[in-house]
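Novice: how would this look folded up:
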Amino acid sequence: MTTLLIQTEKTPLTVNLPAIAPMTHAQFYDFCLANRDLRIERTASGDVVIMPPAFADTGNRNFNIAAQLGNWTEQDGTGIGFDSSAGFTLPNSAIRSPDASWIRLDRWQALTEAQKASFAPICPDFVVELRSSSDTLTSLQDKMKEYMANGALLGLLIDRKNQTVHVYRPDQEPIILDKPEAVSGDPELPGFVLQMAKIW
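Specialist: Take a look at the predicted model:
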């Protein structure tokens, strides 16, 4: 049975479809193609999570995050960046789409062209999740723990509501920064600094 979790403005809505077995990778890909206007993820247990398009203010802040990461990526040259539309298949089989992410060039180049042209079977080295009005903090914290458990080296959970940034690293408790003006990516992303003025 496949469970569809449809995230509304206030709370996720779970829809059970008993006639459908857990989607295969190919079925999930086709499902995403048929619903291009939605942001869709799959949990490690096979549940499908459907999220509405981001509200305009969240989209603007996502853009500002991706723009800053993109500028650093171009200057640094050791990896490539992705926006929130990219989906990745993690080692635990979940398919996730961070709001922004970065992968070391050598790891990306080790993938085949076919893998790159799908939900690439790789966990990004760096991930950012921006809490929107429809996100619970707990759900994003669980997602960040999942990224760390599947190979991410650094993660930022940005909670605009409380103006905090939760900094995640593997095998460490997250560090919570209160109303930071900037957040450094050192040492995992040398020289990367996320300026928060246009994100709050």
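Novice: low-confidence ranges in this protein?
Specialist: Within the chain, the ranges that satisfy pLDDT under 70 run 1-21.
Novice: which one's the longest helix in the chain?
Specialist: Using DSSP state H to define each element, the chain has its longest helix at helix 56-76.
Novice: Packing partners of it?
Specialist: Judged by 3 or more C-beta pairs under 8 Å, 6 or more residues apart in numbering; DSSP states H and E, helix 56-76 is in contact with strand 79-82, strand 100-104, strand 126-130, strand 193-195. Every residue, glycine included, has its C-beta placed from N, CA and C.
Novice: Mind putting these into CSV with distance to residue 153?
Specialist: Formatted as CSV, the helices and strands packed on helix 56-76 follow (distance: least, C-beta to C-beta, whole Å):
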stretch, distance to residue 153
strand 79-82, 11
strand 100-104, 9
strand 126-130, 7
strand 193-195, 16
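Novice: what's the closest of those strands to residue 143?
Specialist: Nearest of the helices and strands packed on helix 56-76 to residue 143, taken as C-beta to C-beta: strand 126-130 at 6.2 Å.
Novice: Quick check: neighbours of that closest one in the sheet, parallel or antiparallel?
Specialist: Applying DSSP bridges, strand 126-130 is found paired with strand 100-104 (antiparallel), strand 154-159 (parallel).
Novice: re the thing from before, want to throw the helices and strands packed on helix 56-76 into CSV with mean neighbour count?
Specialist: As requested, the helices and strands packed on helix 56-76 are exported to CSV (neighbours: other C-beta atoms under 10 Å):
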stretch, mean neighbour count
strand 79-82, 20
strand 100-104, 25
strand 126-130, 26
strand 193-195, 16
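Novice: Out of those strands, which is closest to residue 171?
Specialist: Residue 171 lies closest to strand 126-130 among the helices and strands packed on helix 56-76, at 16.3 Å (C-beta to C-beta).
Novice: what residues does the closest one touch?
Specialist: The set of residues external to strand 126-130 that reach it, using C-beta atoms under 8 Å, 6 or more residues apart in numbering, is 58, 61-62, 65, 69, 98-103, 140, 143-144, 147, 152-158, 160, 185, 188-189, 194, 199.
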